[in-house]
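A.B. asks: Sequence and predicted structure, then a few things I'm wondering about:
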Amino acid sequence: MRYLVLSDVHANLEALEACLKDAKRYGFKRILCLGDIVGYGAEPNECIELLRKKGAICLLGNHDAACVGQLSLEWFNPFARACIEWTKKVLSKSNKNFLAELPVFFSCKWLFAIHGTPSNPIEEYMDEQKAQLALRKVAEDVVLCGHNHIPFKVEQNRYLEPIAENELIDLNGKRIVVSLPAVGQPRDHNPKAGYAILDFEEKMLAIARVEYDVEKASEKMKKAGLPEFVAERLKKGI
Ligand code: ZN
């Protein structure tokens, strides 16, 4: 079975729709979303509702948690905080309830998926050292995470390696942490939306990037009154 793995949608409906459309060619059966459906973008309700409609397995991210009072706003920089305050105002009750109930991890056979790290699921950022700790902490061989918005991989007892735009990662026989690119808020100087396809039987992970109407997403943010800085950096992927 193939999973479409998404992370850090950040209320960017244009980017989410582009990923769903592009990923169709892989014939995925289920969606696994590693957190931060909301925060920054102009369409939090629409993104949650689309993922709910598709029956996605969703995990809790730090922005999701903050929007439902499960994480202090003190945690965030002023731009992120302003976006969360805006999101809190526009989110429907039903969507808030949905976010409030999200689990922090998903595990199945050899796979462990989380927003941040196994030690600190929604706050801590994965890096080379944390990846080694994660592989010691969990029994599963493969850890997928988001939260960084920067794609990279770390095999057990190896150094961190960046991931190419359309890299195919063979997970067979490996203990490995993979940080996924962001769907709706890339930070690796590549403004394209990112996703991954996980083939569970083949144990292969395909990373993919797709162009989308970033201008439209950015304009919607400005019109909604979200910070100009956040709307502008979306176009640069930073
Ligand atoms: Zn995020």
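C.D. replies: Received the coordinates, thanks. Numbering: from 1, shown residues only.
A.B. asks: Now tell me what touches the strand or helix carrying Asn97 from outside.
C.D. replies: Per DSSP states H and E, Asn97 falls inside helix 93-100. The contact list for helix 93-100 (C-beta atoms under 8 Å, 6 or more residues apart in numbering) reads 37-38, 44-45, 48-49, 52, 60, 64-65, 67-68, 70, 91. To be clear about C-beta, it is placed using only N, CA and C from the backbone, and glycine gets the same treatment.
A.B. asks: give the contact list for Arg187.
C.D. replies: Shown in contact with Arg187 (C-beta under 8 Å, 6+ apart): Asn148, His149, Ile150, Gly237, Ile238.
A.B. asks: quick one, strands of the chain?
C.D. replies: With DSSP state E as the criterion, the chain has strands at 2-6, 30-33, 57-58, 105-108, 111-114, 142-145, 152-155, 160-162, 168-170, 176-179, 193-199, 204-210.
A.B. asks: List the buried residues in the second one.
C.D. replies: Neighbour-count burial for strand 30-33, with 16 or more other C-beta atoms under 10 Å as criterion, is recorded at Ile31, Leu32, Cys33.
A.B. asks: wait, isn't the second one in contact with Leu6?
C.D. replies: Okay, so that is Leu32. Yes: taking C-beta atoms under 8 Å as the definition, Leu32 is a contact partner of Leu6 at 7.3 Å.
A.B. asks: quick one on the thing from earlier: give me the distance from the helix holding Asn97 to the chain's centre.
C.D. replies: Between the centre of helix 93-100 and the centre of its chain there are 18 Å (C-alpha atoms, centre = their mean, to the nearest Å).
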